[in-house]
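Visitor: Predicted coordinates and the sequence they were generated for:
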Amino acid sequence: MTYFIDRRANAKHKSAVNRQRFLDRYRTRIKRSVEEAVNRRSITDMERGEKVSIPARDISEPVFQHGPGGERAIVAPGNKEFVEGDRLRRPGGGGGGDGSGEGSASNQGEGVDEFAFTLSREEFLDFVFDGLELPHLERKNLVDLDEVRQVRAGVSRDGTPARINIVRSMREAQARRIAMRAPIRRALREAVEALAEEERKDPVLRNPARISELKEEIERLEKRLEAVPFIDTYDLRYNNLIDQPQPSSKAVMFCVMDVSGSMTQAHKDIAKRFYLLLYLFLERNYEKVELVFVRHHTAAKEVDEEEFFYSRETGGTIVSSALTLVDEIIEARYPAGQWNLYVAQASDGDNWDDDSVACRKLLVERLMPRLQYFTYVEITPHAHQALWEEYERVEAEYDKRFAMRQIVEAGDIYPVFRELFKRRVAP
Amino acid sequence: MTRRQPIATGSDWNFEILDAFEHEIARLADEYRLDTYPNQIEVITTEQMMDAYASVGMPVGYHHWSFGKQFLAVEQAYRRGQMGLAYELVINSDPCIAYLMEENTLMMQVLVMAHACYGHNSFFKGNYLFRTWTDAPSIVDYLVFARKYISECEERHGVEAVEQLLDACHALQNYGVDRYKRPSPVSAEEESRRQTEREEHLQAQVNMLWRTIPGRPRGDALAGMVDEEDPLGLHGGGRYPPEPQENLLYFIEKNAPLLAPWQREVVRIVRKLAQYFYPQRQTQVMNEGWACFWHYTLMNRLYEEGLVDEGLMLEFLQSHTSVVQQPAFDSPYFSGINPYALGFAIFTDLKRICEAPTQEDREWFPDTAGSDWRETLEFAMRNFKDESFIQQFLSPKVMRDLKLFMVVDDDQEEMLEVAAIHDERGYRRLRDSLSVQYALAVREPNIQVYAADIRGDRSLTLRHVQDGRRPLARSVYPVIRHLHQLWGFPVRLESVEDDEVVRRYHWPLAEEERRE
């Protein structure tokens, strides 16, 4: 008695729960690997999984086992030159020799030092954001309609020759020809019939004047028939295109960061996650996202990602220098009508006192009118300084497009984005 | 014999072809009087195969992180190409469930059917250990019960609490078996029906055991009579348990003072499943050897009858030889004795001894030489486990073929000594030694419950009887920590050599030890 069952269509991922249990159990360790990966990878390169290794001894399942030592006999295959009574040196490693059958090996599972496995993309991101559930990053209706796109809108009588619609034009011409020729044809047919009737009469009874009159008529009608044009200007039809406002599919994200001496690498790592989250959000909303990295201390500079996060600088802090540079870059490369502009700024809150006022002015007058959104995170456990206070005034003015948040550790980033996502949900 | 048309050629298969082959294999197996459970052959994908591997082949199982770890390990090894998933996975159940992976070639499918559905299947049905220890018709139901019960516990008591309990039980599951007593078979229906009843009964027993009110003073008028409140005399003095207990989990289930009823039930589930796998751990060589012997025999018969062509046969031989290959001890591929190779060699040689015995065979196997091979093999399959099977049937020829030799490793000597090789003087010692190597009692440290201090600090003492002065591995600490978690009071472990305690372990550690 045998029967076959095709189970291929059955649910896969039967081990999904167990897999998740495993990941949860070694959360801290896996998280460390993920953090290293985040620091190693570029912001734009987070959309894939990651290979993670855990030392095997940390995840072993202990059972009672024989340890090395004592006296034991081992039977092994493949004797070549030994005879009874031979004495051998212990094989290296000091483990007292292995190969005691499968007894010792099988209990431990794999005899490898590192237990390596691959995290899926979702699991990876989950660890990056420390289990915070990412909001559903769907495409949402963004409310910026400056860019136009031409779309088809039927046919029209006017247009440029380049957009002529041949099929429609020829159809018009044919209709016109049929309409214009019909009465002429009818008259012609009548004239031809009348002529034929006249010519069928007895020659004595014929009216020569009538005949020549009819012949002239026929000739005249045939000329008129030929004079109907094959195609006329009235016939021409053109494809019609109209302009339709379109949400821009391009976005640019300015990452602005203070790199003065007071910003440590830990600060920068937190900032990186903050930029990363914004990037992931933008990436799902726009077809194309460009990144511009602007770092500043007393002077601002546009740099590449590597330099942005990892090169060290010292010195004081003038935030307005960065905002001015952002403004210049927008002016030069990213006209607000074509690009959705996002600025994400991270700092420890230090600024030269009189500069903060300049920052507010710059924001209110130059930047905010053009930006989609401005986010500011202050990575500090300390009390706020002048910059924060000035920014609060900006927030009061642009509360729909300006978010600021104090962050002490990476987990605090998320609320900033909760705000952002909440507001941007389709109206 | 008339040569027929091959049923199919090439490497593609479909269900009709599989069915036709299965039919032929069944006919041949019947000719050899192989007694099997009905077969349930499931065609699955690679991923499903990895799932199956991760859960020790069980079609349903409770959730635990260690299965997830197993899955990740299998997946990684498979992706890297370190491991073929192909060979076989078969479950000792009735009907006997075997898996065919969809991407296997036709040859592989036919081979797996012969190996698993007729080889292993008949072993499960015939071997005395399986007959005694497992109840094939009810295992799947029991697994369903276990899964349901554990997930209910997770809902009621939290995933973490259940996970910790399972961790502790898993650490001791090899000590959850009665080695000599025949257990009652697992039955899901019975389990659920009796579960509540059992909970109450068990708890009552435990309560009595741990009763803290001191017993009536002895020596009064009642001294000679049975104490009604203490019929077992638990509080009357003497050691408890009176005899050492080898089944640690059973002892915990019945006696641990602080476990809640549901925790006792979980201990019981792990224990019952350990018991189900117990025969497999003891019959690896025989089971694989038997299955290899039959797939080899059946495939050759298919070929003789012209049901498979040369191409398929060559592919089969290539696969078969790599499975039963035994690398030498100094080969980089060596990882112990290959149970497939050893088992196949012994069964094959046993057949030869029956059919074409030499003078040597007549001396070594006077009863077997020249007997009916089919009956002799059946007898060997039914009535032995690895340990006794090797002791009984490992022939000098197999020892010579495998070039077996024995090395004694004594940590008090500077050098290893070759104690025996495959020659006249060594055969018997080799055979004894290899047989012992497969005895579970030697492979795993012999640890038993020695005493539970029911009148004092409630500590539990285990005894490890050392074998050839072999100490316990470092893993002893994590394991007794788990045991402590189950027991709830201090746990001690003593290693004993010649009735003398040579090493003591205990948990929890005292303060000064912690700091070290």
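Guide: Now that the structure is in, tell me what you want to look at. Residues are numbered from 1 along each chain as shown, chains lettered A, B, ... in the order given.
Visitor: which ones are touching whatever residue of chain B ends up closest to chain A?
Guide: Nearest to chain A, among the residues of chain B, is B:Ala328, at 2.3 Å (Cβ to the nearest Cβ). Where C-beta positions appear, they are placed from N, C-alpha and C, glycine not excepted. The neighbours of B:Ala328, taking Cβ atoms under 8 Å, 6 or more residues apart in numbering or on different chains as the test, are A:Pro77, A:Gly78, A:Lys80, B:Phe334, B:Lys403.
Visitor: Can you turn the buried part of those into a PyMOL selection?
Guide: Buried members of these, defined by 16 or more other Cβ atoms under 10 Å in any protein chain shown, are picked up in PyMOL with:
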select buried, (chain A and resi 77) or (chain B and resi 334+403)
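Visitor: Hmm, B:Tyr427 is touching B:Arg400, no?
Guide: No - counting by Cβ atoms under 8 Å, B:Tyr427 sits too far from B:Arg400 to count as a contact (9.0 Å).
Visitor: can you pull out the strands in the stretch 101-250 of chain A?
Guide: Assigned strands in the stretch 101-250 of chain A, in chain order: A:114-119, A:147-156, A:238-246, A:250-258 (criterion: DSSP state E, counting those that start in this stretch).
Visitor: average pLDDT across the second one?
Guide: By that I understand strand A:147-156. Across strand A:147-156, the average pLDDT comes to 78.
Visitor: what about B:Ile454, which SS state?
Guide: Using DSSP: H, G, I helix; E, B strand; the rest coil, the structure places B:Ile454 in coil.
Visitor: next one: phi and psi at it?
Guide: B:Ile454 adopts backbone torsions of phi -80, psi -10, taken as degrees, to the nearest 10.
Visitor: Hmm, it is touching B:Arg239, no?
Guide: No - in this structure, B:Ile454 is not within contact of B:Arg239 by Cβ under 8 Å, at 9.6 Å.
Visitor: of the two, who's got more company?
Guide: Between B:Ile454 and B:Arg239, counted using other Cβ atoms under 10 Å in any protein chain shown, the more crowded position is B:Ile454 (17 against 13).
Visitor: So chain A: which segments form each domain?
Guide: Domains of chain A are assigned by automatic domain parsing as A:14-59+A:113-128, A:161-241, A:247-424.
Visitor: Of the ones you listed, which is nearest chain B?
Guide: Per Cβ to the nearest Cβ, nearest to chain B of the domains of chain A: domain A:14-59+A:113-128, 3.3 Å.
Visitor: How far off centre is that closest one?
Guide: Taking Cα atoms, centre = their mean, to the nearest Å, one finds the center of domain A:14-59+A:113-128 at 24 Å from the center of the full chain.
Visitor: Now do the end-to-end distance for that domain.
Guide: One end of domain A:14-59+A:113-128 to the other measures 25 Å (Cα to Cα, to the nearest Å).
Visitor: still on that earlier bit, for A:Asn351, state which of the contacts of B:Ala328 is nearest.
Guide: B:Phe334 (68.6 Å; Cβ to Cβ).
Visitor: wait, what's in contact with the closest residue to the closest one other than its chain neighbours?
Guide: Take B:Phe334 and drop its neighbours on the chain: the residue closest to it by Cβ to Cβ, 6 or more residues apart in numbering or on different chains is B:Pro327, 4.5 Å away. B:Pro327 sits next to A:Pro77, A:Gly78, B:Tyr333, B:Phe334, B:Ser335, B:Asn338 when contact means Cβ under 8 Å, 6+ apart.
Visitor: Show me which of those residues is closest to A:Ser169.
Guide: So of the contacts of B:Pro327, ranked by how close each gets to A:Ser169 (Cβ to Cβ), first place is B:Tyr333, at 80.7 Å.
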